[in-house]
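Asker: give me a 3D structure for the following:
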Amino acid sequence: MAPDSGGSVLSREEVDRALARFGAEHEAIETSLLALQDHAGRRLLEGARLTGATRDRWARAERVLGLLWNRFDLLTDALETARELRSRRRDPHREELLQLSMVLAGSNLAVPGEAGGVEHLGWRELICRMNTGYAEVLDLLVAADVVWSALPARIDLLATELHRLRELAHSVGVRPGTHPAGAELADITEELTRLRDEVIADPLAFWQPAGGSSAPGGGRPDTTRYDRAARALDDIRREVDAVIGVRKDAEERLIRLRDVLSRADRTLAEARTARGEVLAKIAASEVPAVNGPASALGEQLIAAADYRRRAQWHRLSPLLESLEQRAEEELRRARESLSAVTAPLAVRAELRGRLDACRARLARVGRAGEPLLVERYDGARRLLWTAPCDLRAAESAVRRYQEAAAEALTAPEAAPTHHTAELRGEP
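Answerer: Next up, the predicted model:
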């Protein structure tokens, strides 16, 4: 493109305003480029052994930085030329104004292209291109600097915490090969080492640009892997705390376990005794069998005591938790078994109570001695107090006695009383 003046000749006032504006822009550009040159991210990138996307983008950014300074030199030369022309006289001639217009308003800045060749650009267009290159470089520098400022320090703190936890874990037997948490500690150690190396070599791999934002440096560090390691470490810390807790109260928990299992055994023994009694006292009744004590729990309790004696807290911790749950289940099962085998005795006791209560109500109104009532009472009582007791027959006899008592109280010569409903078993 041939040099031109932009199609018009600026007046003296327009020239002065353009010089002032371009002077301010030149100063701002210089300040920005110097800030880029002195940016912490640039110094870190220059001294780092980069890989991946960061290496590729930094190689381009270095080329862009060189172009920015070259173009700044072009602007500097153009501005000095314009200032020298304007300083020749207070009122420039038309020829001088034409030259100034060509510098300030024309497309006369010969700019080397990135792919070779030369372009003729105006001041405004060149600044626009420089702004684009500046934003590209700044985005890289800010992203790398933010990632390097955030992640390595956090990784180092987590690694220090990991080291302390590993020593504590080893002291209570949580080691690789002996406890799952010990292997997980080793895995987290390796992961943090890898993560730190990768962050240092390729920080842009851990950068999440802000969606919809075009501002340089818009985004945040990607802490996914760090967060995952931190959560895993918290899980292991809880596991180690549980092991330490076991060490503190292991004897008390073992005593409680022995007590629960002993109560379960006594309850089962009581159920077996009660079953024999029920079979002897109750006829025509299905009595469930009573299982023996859980021998496996006793064996595991012995193993738990051995772990405590040998200070194998990492093995004792999960075993105690399992034993406590299963011991409570064993006690519940024993109680349910006792309730199941003694149910027929409870039914007999309930029938005896109904029979005596009915007779007592009749006695209060003077009707208990009537022959039919005495006969039915004696028959029911004989069934209920004879071993083995036929519960079905006894229940039928009690019901017949209650019915006869209710009829006696509702006979014409007997005034209705509130006892009638009671004898029939009504509310």
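Asker: okay, which residue is most central for the protein?
Answerer: Geometric centre of the chain, nearest residue: residue 231, 7.7 Å, by C-alpha atoms, centre = their mean.
Asker: which stretches of the stretch 51-200 of the chain have low pLDDT?
Answerer: Low-confidence segments of the stretch 51-200 of the chain (pLDDT under 70): 87, 93, 99-101, 103, 105-108, 113-117.
Asker: where do the strands sit along it?
Answerer: When assigned using DSSP state E, counting those that start in this stretch, the strands of the stretch 51-200 of the chain occupy the ranges 109-112, 118-121.
Asker: what lines up beside the last one in the sheet?
Answerer: Yep, that's strand 118-121 we're talking about. Sheet pairing for strand 118-121, assigned by DSSP bridges, gives strand 109-112 (antiparallel).
Asker: neighbouring contacts of the strand it pairs with?
Answerer: Residues outside strand 109-112 that contact it (C-beta atoms under 8 Å, 6 or more residues apart in numbering): 70, 71, 74, 75, 78, 118, 119, 120, 121, 122, 123, 126. For glycine as for every other residue, the C-beta is placed from the backbone atoms N, C-alpha and C.
Asker: buried sites along it?
Answerer: Within strand 109-112, the residues that count as buried by 16 or more other C-beta atoms under 10 Å are 109, 111.
Asker: could I get the CA-only coordinates of it as PDB?
Answerer: Output of strand 109-112 as PDB, limited to C-alpha atoms (Å, rounded to 0.1, in the frame of the first residue of the first chain):
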ATOM      1  CA  LEU A 109       3.600   2.800   9.300                       C
ATOM      2  CA  ALA A 110       5.600   0.000   7.600                       C
ATOM      3  CA  VAL A 111       5.000  -3.000   9.900                       C
ATOM      4  CA  PRO A 112       6.700  -6.400   9.200                       C
END
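Asker: now do the helices in the stretch 151-300 of the chain.
Answerer: Secondary structure of the stretch 151-300 of the chain by DSSP state H, counting those that start in this stretch: the helices cover 180-201, 224-281, 295-309.
Asker: and the ones you listed as JSON lines, adding distance to residue 53?
Answerer: Listed next are these as JSON lines, based on distance: least, C-beta to C-beta, whole Å:
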{"stretch": "helix 180-201", "distance to residue 53": "11"}
{"stretch": "helix 224-281", "distance to residue 53": "16"}
{"stretch": "helix 295-309", "distance to residue 53": "52"}
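Asker: chain center to the strand or helix carrying residue 397, what's the gap?
Answerer: Taking DSSP states H and E as the criterion, residue 397 maps to helix 391-409. Computed by C-alpha atoms, centre = their mean, to the nearest Å, the chain-centroid distance of helix 391-409 equals 66 Å.
Asker: of the helices of the stretch 151-300 of the chain, which is nearest residue 357?
Answerer: Closest approach to residue 357 among the helices of the stretch 151-300 of the chain (C-beta to C-beta): helix 224-281, 21.7 Å.
Asker: what packs against the closest one?
Answerer: Where contact means 3 or more C-beta pairs under 8 Å, 6 or more residues apart in numbering; DSSP states H and E, helix 224-281 is packed against helix 123-171, helix 180-201, helix 295-309, helix 313-341, helix 343-364.
Asker: now those helices as CSV including mean neighbour count?
Answerer: As requested, these are arranged in CSV below (neighbours: other C-beta atoms under 10 Å):
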stretch, mean neighbour count
helix 123-171, 18
helix 180-201, 17
helix 295-309, 15
helix 313-341, 18
helix 343-364, 16
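Asker: list the residues that contact residue 165.
Answerer: 185, 233, 236, 237, 240.
Asker: go on, residue 118?
Answerer: Contact analysis of residue 118 by C-beta under 8 Å, 6+ apart lists 110, 111, 112.
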